[in-house]
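Novice: Test case, fold it:
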Amino acid sequence: MKQVWVQQRECNFFPVRTADLGRRDLEGRKQKGCFECCIKCLGGVPYASLVATILCFSGVALFCGCGHVALTGTVSILEQHFSTTASDHALLSEVIQLMQYVIYGIASFFFLYGIILLAEGFYTTSAVKELHGEFKTTACGRCISGMFVFLTYVLGVAWLGVFGFSAVPVFMFYNIWSTCEVIKSFQSNVTVPGDQICVDIRQYGIIPWNAVPGKACGPILENICNTNEFYMSYHLFIVACAGAGATVIALIHFLMILSSNWAYLKDASKMQAYQDIKAKEEQELQDIQSRSKEQLNSYT
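Specialist: Numbering: from 1, shown residues only. Predicted structure coming up:
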């Protein structure tokens, strides 16, 4: 085994075997390679798509979970206080049950769609960062990116409608809650009877006009506002509306990301076509030069 002299500090030398030096170089290369690999992996992560996916998942989860529980509490309030006959609110119960099934479908669809958009973000990020490598964008990939842009736009418009629709129960519960607050404030005023202050649910169109009792007044209405079903349903509808708004923001974020990535892929395809033509011309020039050299060599 050979030995070499390695300088330590300024004037001191000590013998080290060449195998030890090779082992140290190999370990240094491994550490440097792992660091470069980590940096490359972190550079390929689509952080914008990741943030939009987390926001989309959070908004859909809030809307679906809170909306499902709030609808159940709303049916309980109607059955106990505003529509004691089952036939009067049978249609409403069926509609609410259908909406709960729709909520299940929305949660499943957006869970899958968010993962697909995140994967598409990884694809386009890799395409942009590896333009000068072996990665090649295809017409099919650009078509899929354009399809996602259109689909996300349609879903964003649809969720704007969902956001507006989710604000309706918040408005209704707020009117009931504010009426209860008025009744509480009138209790100190003897000249104004609280029994004359009522809330008629039938005017909202969710139950028919022949529903009994259909309305609640005075202390009865105040007791309804003090129940856990009313308190939970009111606040859950607020959270569900906020979740729908967060989903709209996430879809707008996705739309901007997808549009930007589609533009990058379009530019990448043009750059690749230019590089292919350039490489072909260089190859033809090299072939011409090599044939010229062969002809000169044959003459000599």
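Novice: Tell me which stretches of this protein form strands.
Specialist: 3-8, 12-17, 198-200, 215-217 (DSSP state E).
Novice: Could you tell me how far N226 is located from H81?
Specialist: Here N226 is placed at a distance of 12 Å from H81 (Cβ to Cβ, to the nearest Å). Heads up, the C-betas are built off the backbone N, CA and C, glycines and all.
Novice: Comparing those two, which residue is more hemmed in?
Specialist: H81 (19 against 10; other Cβ atoms under 10 Å).
Novice: and that one, what is it in contact with?
Specialist: 213, 216, 220, 224 (Cβ atoms under 8 Å, 6 or more residues apart in numbering).
Novice: Out of those, flag the one nearest to C66.
Specialist: I224 (20.5 Å; Cβ to Cβ).
Novice: Now that you've got the contacts of H81, can you turn the buried subset into something I can paste into ChimeraX?
Specialist: Buried subset of the contacts of H81, written as a ChimeraX selection, criterion 16 or more other Cβ atoms under 10 Å:
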select :216,224
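Novice: now the contacts of H81 as a markdown table including distance to S185?
Specialist: Formatted as a markdown table, these follow (distance: Cβ to Cβ, whole Å):
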| residue | distance to S185 |
| --- | --- |
| P213 | 24 |
| A216 | 18 |
| I220 | 17 |
| I224 | 17 |
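Novice: quick one: which of the contacts of H81 sit in helices?
Specialist: Among these, DSSP state H puts 220, 224 in helices.
Novice: Compute the distance between the residue nearest the centre of the chain and S185, please.
Specialist: Nearest to the geometric centre of the chain sits C56, at 2.5 Å (Cα atoms, centre = their mean). Distance of C56 to S185, computed by Cβ to Cβ: 42 Å.
Novice: One more: T53?
Specialist: T53 is 47 Å from S185, by Cβ to Cβ.
Novice: For Q203, state which of the contacts of H81 is nearest.
Specialist: A216 (12.8 Å).
Novice: tell me how far the ends of stretch 77-97 are from each other?
Specialist: 15 Å (Cα to Cα, to the nearest Å).
Novice: what comes up buried for that stretch?
Specialist: Going by 16+ other Cβ under 10 Å, stretch 77-97 has these buried residues: 77-79, 81-83, 88-89, 92, 96.
Novice: Show the pLDDT at the residue nearest to E229 when sequence neighbours are not counted.
Specialist: Nearest residue to E229 in three dimensions, chain neighbours excluded: G73, at 4.5 Å (Cβ to Cβ, 6 or more residues apart in numbering). pLDDT recorded at G73 is 89.
Novice: Cool, thanks, talk later.
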